[in-house]
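Visitor: Fold the following, please.
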Amino acid sequence: MLDQIYSYREMCDAENAQTLQRGMNFRMNPRYSVILMSRRSNAPYSDKILEDSITIEYEGHDEPKTSYEMNPKTLNQPNKTKNGTLTQNGKFINAVEKYKKGVTAAEPIKVYEKIMPGVWSLKGFFDLIDCQTRHDGKRNVFVFSLKLSDKQDVEMITPIDLAHTRLISSEVKKEVWKRDGGKCVICESTKNLHFDHDLPFSKGGTSLTSKNISLLCAKCNLAKSDKIE
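Guide: Reported below is the predicted structural model:
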């Protein structure tokens, strides 16, 4: 699976949104929800990709910061507002509970990851399968578990082979982006870029090092794919 690159504006346009100001967006699209994650050192939440490379642990979000409240990082993450309505945390938790009871299928989540300021990577569609409450030493936080879906297009009908799919780490992506100058290594286009495996994962290529990852535009990637037997 390719990790398509978006500018912030392109990401908003892809979701038909003027802005994407919050990380959790339940049913932003009638067919799926959207989350924005970050594993950067200065990220406000502890988001992780586990060692199996197909599972994300996504931390829930804090109380809104206002002038009359304590530091949100000292307060338990809320699942309801002061008016009793569900927060984004609460909506995602409710979806997990319905899935576990067999009432609905797992909520499909479209995941974008912040690579650096203004640069985002589409990680693909994931299934929301669990939520746990954990104590981080100061307060209770929600931790959502998402597993890479075997259906990866917007209509949720195109299967992928999970056995031959691996997520590229944010550190490798940053290294590749800087090395390749934010442009296709073949034609130097800056549009419709993807992180691409030089040697496909299915043929033994790795996602663990920048040596096997390059920036390609969609046109050059298609031309390359046509040459791979």
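
Visitor: just the helices in this protein please.
Guide: Counting by DSSP state H, the segments of the chain that form helices are 8-14, 88-100, 170-180, 218-227.

Visitor: So what's the model's average confidence on the shortest one?
Guide: Read it as helix 8-14. Mean pLDDT, helix 8-14: 90.

Visitor: Over to the third one?
Guide: When the per-residue pLDDT values of helix 170-180 are averaged, the result is 86.

Visitor: who does that helix touch, helix- and strand-wise?
Guide: With contacts taken as 3 or more Cβ pairs under 8 Å, 6 or more residues apart in numbering; DSSP states H and E, helix 170-180 sits against strand 107-116, strand 119-135, strand 213-217. Glycine gets a C-beta too; all of them are placed from N, C-alpha and C.

Visitor: Go through the ones you listed and pick out the most buried.
Guide: Most buried of those, by mean neighbour count (mean count of other Cβ atoms under 10 Å): strand 213-217, with a mean of 24.

Visitor: Extract the C-alpha set from it and format it as CSV.
Guide: C-alpha atoms of strand 213-217 as CSV (Å, rounded to 0.1, in the frame of the first residue of the first chain):
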residue,chain,number,x,y,z
ILE,A,213,11.8,4.2,-0.1
SER,A,214,11.5,7.0,-2.6
LEU,A,215,9.1,9.7,-3.5
LEU,A,216,7.3,9.1,-6.7
CYS,A,217,4.4,10.9,-8.4
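
Visitor: who does that strand pair up with?
Guide: strand 193-197 (antiparallel) (DSSP bridges).

Visitor: on that earlier part again, dump the helices and strands packed on helix 170-180 into TSV; add distance to Thr74 and mean pLDDT as well.
Guide: TSV is the format used below for the helices and strands packed on helix 170-180 (distance: least, Cβ to Cβ, whole Å; pLDDT from 0 to 100):
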stretch	distance to Thr74	mean pLDDT
strand 107-116	25	94
strand 119-135	13	94
strand 213-217	40	89
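
Visitor: so can I have CSV of those strands showing distance to Asn71?
Guide: As requested, these are exported to CSV (distance: least, Cβ to Cβ, whole Å):
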stretch, distance to Asn71
strand 107-116, 23
strand 119-135, 17
strand 213-217, 39
